[in-house]
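how would this look folded up:
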Amino acid sequence: MRNSPLPTSRPRVAAVATALACAALLCVALHAVSVAHAAGAASSADETASQPVVSVQTVRVQRAEIAQPVRGFGIVAASAANLTTINLPYVARIVQMRVQSGQTVTRGTPLFVVQADPAAVLAATQAKSAMTLAQGELARTQSLYDKGLATQSQLATARKAADDAQQALAAQNQTGVASGNKVVTAPLDGVVLQLSAAQGDQVQAGAAILQLAGGNAKDARANVMLGVEPSDAGAIHAGDSVTLRGLSTALANTPVNGRVVLVGAAVNQQSQLVDVGANVPLGQSAFIPGTRVRAEIATRSGTHWVVPRAAVLKDDQGAYVFQITAQNKARRVAVSIRIENGERYGVDGPLDAAQGLVTSGNYELKDGMAVRTGGGAPR
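Residues are numbered from 1 along each chain as shown. The predicted structure follows:
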């Protein structure tokens with residue numbers, strides 16, 4: 001009996017069918033993965049496209065010296081230590097006045113001519129005579145003592161009389177009393193502030209004749225007196241820079257610079273301000289004595305990051321700024337404000353001089369946001 005081929009072909013058909021089914025399933029799986037990957041890429045692209053890009057303006061940032069300004073108001077006038085009162089130690093009459101109030105004088109300039117009172121001249125003459133007489137008496141007593149005709153006590157008395165006469169004459173010479181007219185000159189460079197006597201007046205010994213405001217900033221004394229708020233006075237120290245401007249329109253744009261030389265330790269009871277004295281080289285400028293001025297005193301000077309005031313923001317975490325990275329992303333940087341100077345701040349913090357500092361549009365930024373400059377090009 002012959003064998004039938006049917007049982008042998010059935011396994012072969014089943015194997016082929018299984019292979020075809022696996023291939024079909026693999027194709028379906030690959031197609032699903034491809035579709036999912038494409039959908040994911042499209043979703044990521046849509047998400048990226050939906051992120052906002054903020055337009056900002058930036059500036060360069062750098063470290064520089066900056067100071068905290070303190071404002072004061074005052075007058076070009078010498079302090080008490082810078083005033084010189086001209087008087088005479090004897091009674092005299094003003095024969096001629098050579099200067100007037102407000103006049104600038106130099107050392108040696110004739111101020112006035114005086115004539116000493118006759119009584120003062122007589123006293124000086126008597127002092128000279130007394131000195132001559134005492135010296136003669138001492139010489140005579142010494143001669144008698146050498147011959148044994150005078151005692152030691154008599155010689156000592158004669159010596160004391162001679163010493164007293166010499167001291168009296170030295171005191172008279174120091175006053176400068178002389179017969180006839182005498183020219184009194186300025187002892188220093190300065191400005192005549194006040195005339196207390198006029199031509200023909202009889203002035204008493206020690207009475208003020210005129211007052212000089214000396215210096216013109218050639219010494220270390222104050223020639224400008226300012227008043228500042230008591231709360232600001234603690235930051236001011238001798239040596240701080242001062243920029244002086246006049247209150248009038250003509251002097252407002254002609255600043256002159258000087259230095260603080262004294263800071264008051266008490267509140268002035270009249271102005272309720274603290275007095276600050278400054279030494280400013282005014283020279284032949286229009287800032288004459290009596291000129292009303294305003295001043296800016298540079299205090300707490302130091303080196304910090306100098307940034308525009310508009311660049312600094314504040315929230316619950318403190319002050320901060322935004323810088324732009326090379327990837328056009330906003331980077332939040334925490335800063336500490338050290339100095340406020342008008343429209344500028346002096347701050348400390350981990351700033352990068354190579355990255356732009358955002359000055360406009362920073363209110364819309366968050367850390368990591370994409371940005372563009374105002375022109376539209378990525379920063």
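
in the sheet, which residues pair with N341? Tell me.
R344 (DSSP bridges).

give me the neighbour count for it.
Taking other CB atoms under 10 Å as the neighbour definition, N341 ends up with a count of 16. In this view, the C-beta of every residue, glycine as well, is placed from N, C-alpha and C.

got it, and V192?
V192 has 21 nearby residues by other CB under 10 Å.

so it sits against L210, correct?
Yes. Using CB atoms under 8 Å, V192 is in contact with L210, at 5.9 Å.

how about the strands in the stretch 251-379 of the chain?
Remark: strands assigned in the stretch 251-379 of the chain by DSSP state E, counting those that start in this stretch are 256-267, 274-279, 292-308, 313-315, 318-324, 330-334, 336-341, 344-348, 356-360, 370-373.

now the first one, how far from the centre of its chain.
In other words, strand 256-267. Distance, stretch centre to chain centre, for strand 256-267: 9 Å (CA atoms, centre = their mean, to the nearest Å).

show me what that strand is packed against.
When contacts are defined as 3 or more CB pairs under 8 Å, 6 or more residues apart in numbering; DSSP states H and E, strand 256-267 packs onto helix 230-233, strand 241-246, strand 274-279.

which residues in the shortest one does the neighbour count mark as buried?
By that I understand helix 230-233. For helix 230-233, burial by neighbour count (16 or more other CB atoms under 10 Å) applies to D232, A233.

can you name the element that comes right after the helix-or-strand element of the chain with minimal mean pLDDT?
Between all helices and strands in the chain, the lowest mean by mean pLDDT, DSSP states H and E belongs to helix 6-50, at a mean of 53. Next in sequence after helix 6-50, counting helices and strands by DSSP states H and E, comes strand 53-59.

in the following helix or strand past that following strand, which of the residues would be classed as buried?
Downstream of strand 53-59, the next assigned helix or strand under DSSP H and E is strand 62-75. Buried residues in strand 62-75, defined by neighbour count with 16+ other CB under 10 Å: I66, A67, Q68, P69, V70, G72, G74.

who touches the helix or strand following strand 62-75?
Going down the chain from strand 62-75, the next helix or strand is strand 83-87, by DSSP H and E. The contact list for strand 83-87, computed with CB atoms under 8 Å, 6 or more residues apart in numbering, reads 111, 184, 187-188, 190, 193, 203, 206-214.

now the helix or strand just after strand 83-87, how far from the centre of its chain.
Using DSSP H and E, the helix or strand that follows strand 83-87 in sequence is strand 92-97. When C-alpha coordinates are averaged (CA atoms, centre = their mean), strand 92-97 and its chain have centres 46 Å apart.
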